[in-house]
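Peer 1: Model the structure of this input:
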Amino acid sequence: MPRFALLLATAAVAGAAATPAVAATKGPASGICIVKGVPNVTPATQKVGVNIAEASSKAALAKAECPVVGRVVRTLARAGAERPMKVQGYACTPTVRNTTRVSWHCEWTGGSPRTTVELDFAWRYTNA
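Peer 2: Numbers count the residues shown, from 1 in each chain. Predicted coordinates:
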């Protein structure tokens, strides 16, 4: 029986890695997605803060999954974006500092119940 419990615990940890807010079922939730291999920026591995206003929304949980978050981050980095841009349904707004440092706030609104998912991250462009 202990081996079976260990397998269940391992499966639960693997599932938690894909969705930052898997532990919460109602109310606000937050977590971090680690996005590796982001082009044109330093550091190439980004820590992205993810906040979900209502974690019982299946649509919000789907938008907060780390693979989706990674696509948003990589798309902005490839574009060298420094102005507002819409990516994967997220409205992303930058704050540019020192001509090379960019902080991002991205927000998605939708789902049932209606809720928001927010992403926050920052980087320095390598080609600037």
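Peer 1: I'd guessed Cys33 sits against Arg74; true?
Peer 2: No: in this structure, Cys33 sits apart from Arg74 without contact. The criterion is CB atoms under 8 Å, and the distance is 11.9 Å. C-beta here means a position set from N, CA and C on the backbone, and glycine is covered the same way.
Peer 1: Can you show me the helices along this structure?
Peer 2: Remark: helices of the chain, listed N- to C-terminal, are 2-18, 58-63, 66-79; assignment by DSSP state H.
Peer 1: Check the ones you listed for me: which has the lowest mean pLDDT.
Peer 2: Among the helices of the chain, helix 2-18 has the lowest mean pLDDT, at a mean of 40.
Peer 1: contacting residues around the residue nearest in space to the middle of the chain?
Peer 2: The C-alpha lying nearest the average C-alpha coordinate of the chain belongs to Val69 (CA atoms, centre = their mean; 3.7 Å). Applying CB atoms under 8 Å, 6 or more residues apart in numbering to Val69 gives the contacts 20, 33, 35, 48, 50, 119.
Peer 1: try it again with 10 Å
Peer 2: Applying CB atoms under 10 Å, 6 or more residues apart in numbering, we find Val69 in contact with 20, 31-35, 46, 48-50, 63, 88, 90, 106, 117, 119, 121.
Peer 1: could you show me where the strands are in the protein, in order?
Peer 2: Chain-ordered strands for the chain, with DSSP state E as the definition, fall at 29-35, 41-42, 46-52, 85-87, 90-97, 101-110, 115-125.
Peer 1: Kindly reformat those strands as JSON lines containing mean pLDDT, mean neighbour count and distance to Ala79.
Peer 2: Supplementary listing: these in JSON lines, determined by pLDDT from 0 to 100; neighbours: other CB atoms under 10 Å; distance: least, CB to CB, whole Å:
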{"stretch": "strand 29-35", "mean pLDDT": "94", "mean neighbour count": "18", "distance to Ala79": "15"}
{"stretch": "strand 41-42", "mean pLDDT": "94", "mean neighbour count": "18", "distance to Ala79": "11"}
{"stretch": "strand 46-52", "mean pLDDT": "96", "mean neighbour count": "20", "distance to Ala79": "15"}
{"stretch": "strand 85-87", "mean pLDDT": "97", "mean neighbour count": "15", "distance to Ala79": "7"}
{"stretch": "strand 90-97", "mean pLDDT": "94", "mean neighbour count": "15", "distance to Ala79": "10"}
{"stretch": "strand 101-110", "mean pLDDT": "95", "mean neighbour count": "18", "distance to Ala79": "11"}
{"stretch": "strand 115-125", "mean pLDDT": "95", "mean neighbour count": "19", "distance to Ala79": "11"}
